[in-house]
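Colleague: Structure for this input, please:
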Amino acid sequence: MVFRNCKIIFLFLFSVISFLINAQSVSKVDSMINLLHQANDTNYIKLCIKISGEYSNLKQIKLCFNYADSALIRAKAIKMPTMEAKAYSHFGGLYNYINDANKAIDNFNAALAIYKKMGFIWGEVSVYINKGNAYYFCNELSKAEKLYRKALALYKTMPPDEGTEADIYNNLGSACSSQGKHDEALPWFFKCLELCKKNKDSISIAYAYNNIGSTYSTLKRYSEALPYLEKALELKLKYGDNSEKADGYVNLSTIYYSTGEHKTSVFYLNKALEYIDTAVYNMDLKKLYESYADNYENLNNPKEANKYYKLLRHMNSALFDKEMAAKIEQKELMSDFSNAHLKDSLMQATRIEKQKIEISRSNTFRSFLLVIVASIVIFLFILYKRYRISQAQKDEIYKQKILVDEKQKEIMDSIKYARRIQNSLMPTEKYISRIFNKVKDPNN
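Modeller: Numbers count the residues shown, from 1 in each chain. Purely as a prediction, here's the structure:
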């Protein structure tokens, strides 16, 4: 009864904490949405991608894709390749999230083509890693490994970034290990561990320890595996969430199961069960029940073994129903998204076409105005030139008039002067009369 009450209290607290976390995430999303109205194009795209990521955490897939789509449409409209590639890469991650590897790879290829055209190597490295992850998730492990190796080769041409390098080493180790190349995987995991220690990233160190221990366990080198898995558990208990803590205990349980120490294995399973919510059926819980059943079979305890077999049968049916419901929901969501995407794309295309027409009209009107203004300027220039010529002609005529007047005055003055001289030289009438009189009368 006490256990049942504790379980109810635990579930209640879990629900309250989940509600508070969701409420905080919703508040964060709302604040970012409010910023969209004032954001310029670049910040608008970045905010849409962030909002999309928050909605993916909240499991609201449709809204998640809608905001990602808004980011991509805006990036294409403003012709900003960096943002367009970032949006494509984000889309690839979203399709990975919903297990649609083909569409994920298509989007990563689109991002990669842009980054290659730009010569942006860091972008190429990021896309090669993410594209490799897409192939890894759909179990095309050799393709994933090749892409991780391409990422590493490109990374070595750039200034060091230890976080990225550690991710590449971890992914290469996982790809090799998943292909059965465990001896080849170990050096990659050790390189990853070295960088994680250098960065003092506790939870990443825990995962590196876990990978090394699990690889040794697969190679049946249990004595070498155990110390690494214990170190991983120690860090997970200190820094990890409940799922990581449970995983740490389950990994130790697996080692003891493999060495035939079934009671110790059950002990660690019991520890793991403290951190797993049995009200929610998932693959972790299924793995736990399978381990319980196998251990109790080996301990010759059929009663307990049957108990977990029954739980497994019930869980398998529930998980199948849940998986089918999730697939149906995913298809419906993607169908809704595709329709909405098509509608939004058509609307965007229409808007862009209208903008082009308006720009064309504006350019035509501007050209017409320029022609009119140019014509007026030319006409005014011609009038001005004619005015200048006319003024020059008037000035010349005036100068000629003055010159003629001066010449005429000179001539008249000369005539007058000559007349005065002539007048002064010619005898007067009295003098002529007196001379005639003397001729007629000599006695006078």
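Colleague: Low-confidence stretches in this structure?
Modeller: Along the chain, segments meeting pLDDT under 70 span 1-26, 317-363, 404-405, 407-444.
Colleague: Show me it divided up by domain.
Modeller: Domains of the chain are assigned by automatic domain parsing as 37-159, 179-240, 242-322, 406-444.
Colleague: Take those domains and lay them out in CSV including distance to residue 366.
Modeller: C-betas here are computed from N, CA, C, even on glycine. Output for the domains of the chain, formatted as CSV (distance: least, CB to CB, whole Å):
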stretch, distance to residue 366
domain 37-159, 22
domain 179-240, 58
domain 242-322, 63
domain 406-444, 59
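Colleague: list the contacts for residue 284?
Modeller: Residues in contact with residue 284 (CB atoms under 8 Å, 6 or more residues apart in numbering) are 243, 246-247, 250, 276.
Colleague: From those residues, list the buried ones, please.
Modeller: 246-247, 250, 276 (16 or more other CB atoms under 10 Å).
Colleague: Is it possible to get JSON lines of those residues that adds secondary structure and distance to residue 160?
Modeller: Shown next, in JSON lines, are the buried ones among the contacts of residue 284 (DSSP: H, G, I helix; E, B strand; the rest coil; distance: CB to CB, whole Å):
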{"residue": "246", "secondary structure": "helix", "distance to residue 160": "35"}
{"residue": "247", "secondary structure": "helix", "distance to residue 160": "31"}
{"residue": "250", "secondary structure": "helix", "distance to residue 160": "35"}
{"residue": "276", "secondary structure": "coil", "distance to residue 160": "39"}
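Colleague: in the stretch 151-300 of the chain, which spans are helices?
Modeller: Secondary structure of the stretch 151-300 of the chain (DSSP state H, counting those that start in this stretch): helices at 162-178, 182-199, 202-218, 222-239, 242-258, 262-273, 283-298.
Colleague: How far off centre is the last one?
Modeller: How far helix 283-298 lies from its chain's middle: 44 Å, per CA atoms, centre = their mean, to the nearest Å.
Colleague: can you check the fourth one too?
Modeller: Relative to the mean C-alpha coordinate of its chain, helix 222-239 is positioned 38 Å out (CA atoms, centre = their mean).
Colleague: between it and helix 182-199, how many degrees?
Modeller: In terms of direction (axes from the mean of the first three to the mean of the last three CA atoms, to 10 degrees), helix 222-239 departs from helix 182-199 by 30 degrees.
Colleague: List the buried residues in helix 222-239.
Modeller: Result for helix 222-239 [16+ other CB under 10 Å]: buried residues 222, 225-226, 228-229, 231-233, 235-236.
Colleague: Check the shortest one too.
Modeller: Residues of helix 262-273 classed as buried: 262, 264-269, 271-273 (neighbour count, 16+ other CB under 10 Å).
Colleague: contacting residues for residue 111?
Modeller: By CB under 8 Å, 6+ apart, the contact list for residue 111 reads 85-86, 88-89, 92, 123, 127.
Colleague: could you redo the last one with a cut-off of 10 Å?
Modeller: 84-92, 123-124, 126-127, 130-131 (CB atoms under 10 Å, 6 or more residues apart in numbering).
Colleague: Residue 36: which of the buried residues of helix 222-239 is nearest?
Modeller: Nearest to residue 36 out of the buried residues of helix 222-239 is residue 236 (CB to CB; 38.4 Å).
Colleague: is it true that that closest one touches residue 272?
Modeller: No - taking contacts as CB atoms under 10 Å, residue 236 lies outside contact range of residue 272: 11.1 Å.
Colleague: Let me know the helix or strand that the residue sitting nearest the centre point of the chain is in.
Modeller: Against the mean C-alpha coordinate of the chain, by CA atoms, centre = their mean, the closest residue is residue 86 at 2.8 Å. Counting by DSSP states H and E, the element that carries residue 86 is helix 81-97.
Colleague: buried set for that helix?
Modeller: For helix 81-97, the neighbour count (16+ other CB under 10 Å) marks 81, 83-96 as buried.
Colleague: what's the closest non-adjacent residue to residue 93?
Modeller: residue 130 (6.4 Å; CB to CB, 6 or more residues apart in numbering).
Colleague: whoops, I mixed them up, residue 152
Modeller: residue 168 (4.9 Å).
Colleague: The one you found: how many residues sit nearby?
Modeller: The local packing of residue 168 (other CB atoms under 10 Å) involves 26 other residues.
Colleague: Please apply the same query to residue 383.
Modeller: Neighbours of residue 383 (other CB under 10 Å): 10.
Colleague: element containing it?
Modeller: Using DSSP H and E, residue 383 sits within helix 302-425.
Colleague: Spatially, which residue comes closest to the residue nearest to the centre of the chain, not counting chain neighbours?
Modeller: Residue 86's closest residue in space is residue 49 (CB to CB, 6+ apart), at 6.8 Å.
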